[in-house]
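Trainee: whatever this is, show me its structure:
(2 chains)
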2 protein chains.
Amino acid sequence: MSVLIVGSTGLDDIETLQSKVYRVMGGSAFYASVAASFFCPTRLVGIVGDDLPQEHLNFLKSRKIDLSGLQIVKGEKTFHWSGIYEENFSKRRTISLSLNVFEKFNPRLNDRFRETAYIFLANIDPHLQLSVLNQLRSPRLVVGDTMNHWIFDKKEKVTELMQRVDIMILNDEEVKDYTGESSLWKAGQKILKIGPRFVIIKKGEHGAVMLGKNSVFFAPAFPVENVCDPTGAGDVFAGSFTAYLARRNNFSWTNLKKAVIYGTVMASLNVEKFSVTALKNINFKLIQNRFKFLKKNTAF
Amino acid sequence: MSVLIVGSTGLDDIETLQSKVYRVMGGSAFYASVAASFFCPTRLVGIVGDDLPQEHLNFLKSRKIDLSGLQIVKGEKTFHWSGIYEENFSKRRTISLSLNVFEKFNPRLNDRFRETAYIFLANIDPHLQLSVLNQLRSPRLVVGDTMNHWIFDKKEKVTELMQRVDIMILNDEEVKDYTGESSLWKAGQKILKIGPRFVIIKKGEHGAVMLGKNSVFFAPAFPVENVCDPTGAGDVFAGSFTAYLARRNNFSWTNLKKAVIYGTVMASLNVEKFSVTALKNINFKLIQNRFKFLKKNTAF
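Mentor: Purely as a prediction, here's the structure:
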């Protein structure tokens, strides 16, 4: 099966203690789509200006990502974010943010895209995520993501999203901010009561927890020795997660757990280089090796 | 086999947001011994004054702990610590600390104790831990613990301890303080180079990681819904860990991993009530249930 991914598509300037890069591929949907393309045919919905470097488009095409839903608006500039990581990646500061053409983003799915069964609503305004949901004809599995900004500014819309997705993916801070609960365990239960069948709480270097009404899965993190750029790790996780389930066309508990591990592995690979660069040079054998490493080293 | 546990033995006053208790059983060796007694015959070495409430002694005896190494000094007062937990247990502040009789602690093992094969050197002055090591005749497995205080004040002695133990147990902060390394993964490798065959890094609600030269185990935490008192969780973990290995008289990698999980389970039970109170009302079936819960919910 295919996966449909809707989210932000932009260009980033990223500075770390070690280095700085300009106008690299950024945005939740770009990260998620590149990662998803390792698992199943991937359909991308987004908007960019005509300043998006051709090499980025070429890379997306080389991953065989269906770009028929990527609007390229002439005379407009692409969404642009500039940020800096401080204190060994524990702090991220936005230097500048220009929505540019993204301000006009109003995703309209073509007929083929509306029929997609597996959907990942990557982080964008929840209003737009809901608009996409309304255009789907027969989704089998909808996975949703968001960020603190929307939890603070548009909590009601985020709640509406949670009521309508099958699986909600959040990080530990977002879960605490949304629920006001300091125990992740209790916070997860609160979110399940809102509607999603499963909630996945990402804890960065401490792995992830997936909770269902009567089920739980504790997933480890993959130990990355040298983090280069953590941008988009959550998007890569969620894109891979959803795409793995689409590949299997089955979301049994066993497959959900494996999907969490594939998401973990892909995120671990991606943070080793800037932007999505690391994903340019990997193959499925490398992915499988990390999957096996985690399987072996959590069993007891 | 039996386990020998040497460490601090005292009385605590503990205050949390919810409640306050006075003169409860405290100290690394008391916590570790009570926990260990669920797995194998336990030998305790420590020192107290004659003010130690009889009910505490009775509880230790009810757990069949060998108290022939517990000096009770007439006319002296027991080590006393008073502390308060703030900000939902994320902060612990010491209100007062009186070493009392503990100032005179100079552990001398009797002949029987010197023959013990499995040893847990719970947190005390590393100088005393090394003195105990020198008295052992044929230890099969020595497990060591310490705390930030000794890492800052007596780093050389802590290093000497690490060179001589088989397994070193530290929490994430201690590992970072000792190595100056922010990546736990790299910090663990640094400690392995000092000498121990394995290092276990406890990460509280994020579980634990056990590292060997060519092996790693990622262990989950047990999700505790209501933490009452986290005091001694690390001691309970380490005491149970060592005692499980003594029970099996075998420290294969498989058993080491199981020992980490039993340590995790015991710590999760213990934090649900003040001091060691929770361990007064548990049985091995409850321990096994939590062990099975973790096994089931980490497998993929």
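Trainee: phi, psi of A:Trp81?
Mentor: phi -120, psi 140 (degrees, to the nearest 10).
Trainee: and for A:Lys202, the neighbour number?
Mentor: By the criterion of other C-beta atoms under 10 Å in any protein chain shown, A:Lys202 has 26 neighbours. Bear in mind the C-beta positions are built from the backbone N, C-alpha and C, glycine included.
Trainee: can you tell me the closest non-neighbouring residue to it?
Mentor: A:Asn171 (4.5 Å; C-beta to C-beta, 6 or more residues apart in numbering or on different chains).
Trainee: so how far is chain B from the one you found?
Mentor: Plainly put, A:Asn171 is 14 Å away from chain B if you go by C-beta to the nearest C-beta, to the nearest Å.
Trainee: what is the burial count for that residue?
Mentor: Close neighbours of A:Asn171, defined as other C-beta under 10 Å, add up to 21.
Trainee: please apply the same query to A:Ile72.
Mentor: Using other C-beta under 10 Å: A:Ile72 sits among 16 other residues.
Trainee: these two touch, right, it and A:Gly49?
Mentor: Yes: counting by C-beta atoms under 8 Å, A:Ile72 touches A:Gly49, with 7.4 Å between them.
Trainee: on that earlier part again, the residue nearest to A:Lys202 contacts A:Gly204, doesn't it?
Mentor: Yes: using C-beta under 8 Å, A:Asn171 is in contact with A:Gly204, at 7.2 Å.
Trainee: thinking again about what came up before, which residues touch the residue nearest to A:Lys202?
Mentor: Each residue near A:Asn171 by C-beta atoms under 8 Å, 6 or more residues apart in numbering or on different chains is listed here: A:201-204, A:234.
Trainee: wait, which of those residues is closest to chain B?
Mentor: A:Lys203 (6.7 Å; C-beta to the nearest C-beta).
Trainee: state the distance from the closest one to B:Glu205.
Mentor: A:Lys203 is 9 Å from B:Glu205, where distance means C-beta to C-beta, to the nearest Å.
Trainee: mutual contacts of these two, please.
Mentor: A:Leu184.
Trainee: hey, where'd the helices end up in the stretch 101-250 of chain A?
Mentor: Ranges of helices within the stretch 101-250 of chain A are A:111-114, A:126-135, A:148-153, A:155-164, A:172-179, A:184-194, A:233-248, based on DSSP state H, counting those that start in this stretch.
Trainee: what is the first one packed up against?
Mentor: Yep, that's helix A:111-114 we're talking about. If you count contacts as 3 or more C-beta pairs under 8 Å, 6 or more residues apart in numbering or on different chains; DSSP states H and E, helix A:111-114 packs onto strand A:66-73.
Trainee: who touches the strand it packs on?
Mentor: Outside strand A:66-73, the residues that reach it (C-beta under 8 Å, 6+ apart) are A:2, A:6, A:9, A:41-50, A:52, A:57, A:60-61, A:101, A:104, A:107, A:109-110, A:112-113.
Trainee: do that again at 10 Å, thanks
Mentor: A:2, A:4-6, A:9, A:29-30, A:33, A:37, A:41-52, A:57, A:60-61, A:78, A:100-102, A:104-110, A:112-113, A:116 (C-beta atoms under 10 Å, 6 or more residues apart in numbering or on different chains).
Trainee: swap in stretch A:50-65?
Mentor: A:5, A:9-11, A:23-26, A:30, A:33-38, A:41-44, A:48, A:66-67, A:70, A:72-80, A:100-101, A:275-277, A:279-280.
Trainee: separate out the buried members of these.
Mentor: Those of those that meet the buried threshold are A:5, A:9-11, A:23-26, A:30, A:33-38, A:41-44, A:48, A:66-67, A:70, A:72-73, A:76-80, A:100-101, A:275-277, A:279, by 16 or more other C-beta atoms under 10 Å in any protein chain shown.
Trainee: what's the pLDDT at A:Leu121?
Mentor: On the pLDDT scale, A:Leu121 is placed at 98.
Trainee: tell me the bridge partners for it.
Mentor: When bridges are called by DSSP bridges, A:Leu121 pairs up with A:Val6, A:Gly144.
Trainee: how close does it get to chain B?
Mentor: Using C-beta to the nearest C-beta, one gets 25 Å for the distance from A:Leu121 to chain B.
Trainee: just give me the neighbour total for that residue.
Mentor: A:Leu121, neighbours per other C-beta under 10 Å, totals 32.
Trainee: try the one 4 residues further on
Mentor: Here the number of neighbours of A:Asp125 (other C-beta under 10 Å) works out to 17.
Trainee: before we move on, what about the one 10 residues further on?
Mentor: As a burial measure, A:Gln135 scores 14 neighbours (other C-beta under 10 Å).
Trainee: with adjacent residues omitted, what lies nearest to it?
Mentor: A:Leu109 (4.7 Å).
Trainee: the residue in the stretch 51-200 of chain A that chain B sits nearest to: neighbour count?
Mentor: With C-beta to the nearest C-beta, the shortest gap between the stretch 51-200 of chain A and chain B falls at A:Trp185, namely 4.3 Å. When counting by other C-beta under 10 Å, one arrives at 17 neighbours for A:Trp185.
Trainee: check contacts around it.
Mentor: A:201, A:209, A:211, A:216, B:205, B:221, B:223-226.
Trainee: A:Asp125 contacts A:Val6, doesn't it?
Mentor: No: under the criterion of C-beta atoms under 10 Å, A:Asp125 makes no contact with A:Val6, lying 11.0 Å away.
Trainee: need the overlap of contacts for these two.
Mentor: The contact lists of A:Asp125 and A:Val6 share A:105, A:131, where a contact means C-beta under 10 Å, 6+ apart.
Trainee: ok, A:Ile119 touching A:Ala246?
Mentor: Yes: with contacts counted by C-beta under 10 Å, A:Ile119 reaches A:Ala246, the gap being 9.2 Å.
Trainee: can you list residues touching both of those two?
Mentor: A:2-4, A:140-141.
Trainee: before we move on, back to that, most neighbours of all the contacts of A:Asn171, which one?
Mentor: Compared across these, A:Lys202 has the highest neighbour count, 26 neighbours, by other C-beta under 10 Å.
Trainee: look up the pLDDT of that one for me, please.
Mentor: 97.
Trainee: who's it bridged to?
Mentor: Here A:Lys202, judged by DSSP bridges, has bridge partners A:Asn171, A:Ala208.
Trainee: so what's it up against?
Mentor: Counting by C-beta under 10 Å, 6+ apart, A:Lys202 touches A:145, A:169-175, A:208-209, A:219, A:221, A:233-234, A:237-238, A:260, A:263-264, A:267.
Trainee: quick one: buried ones out of those?
Mentor: For the contacts of A:Lys202, a burial check counting by 16+ other C-beta under 10 Å picks out A:145, A:169-172, A:174-175, A:208-209, A:219, A:221, A:233-234, A:237-238, A:260, A:263-264, A:267.
Trainee: in the longest helix seen in chain A, what counts as buried?
Mentor: Ranked by residue count, the top helix of chain A under DSSP state H comes out as helix A:253-270. Neighbour counts using 16+ other C-beta under 10 Å place A:255-270 of helix A:253-270 among the buried residues.
Trainee: of these, list those near chain B.
Mentor: A:255-261 (C-beta under 10 Å from any C-beta of the partner chain).
Trainee: so can I have JSON lines of those residues showing pLDDT?
Mentor: Converted to JSON lines, those look like this (pLDDT from 0 to 100):
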{"residue": "A:Asn255", "pLDDT": "98"}
{"residue": "A:Leu256", "pLDDT": "98"}
{"residue": "A:Lys257", "pLDDT": "98"}
{"residue": "A:Lys258", "pLDDT": "98"}
{"residue": "A:Ala259", "pLDDT": "98"}
{"residue": "A:Val260", "pLDDT": "98"}
{"residue": "A:Ile261", "pLDDT": "98"}
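Trainee: from the residues you listed, which single one is nearest B:Tyr85?
Mentor: The closest of those to B:Tyr85 turns out to be A:Val260 (C-beta to C-beta; 32.8 Å).
Trainee: where's the closest one relative to A:Met210, distance?
Mentor: Counting by C-beta to C-beta, the gap from A:Val260 to A:Met210 is 5 Å.
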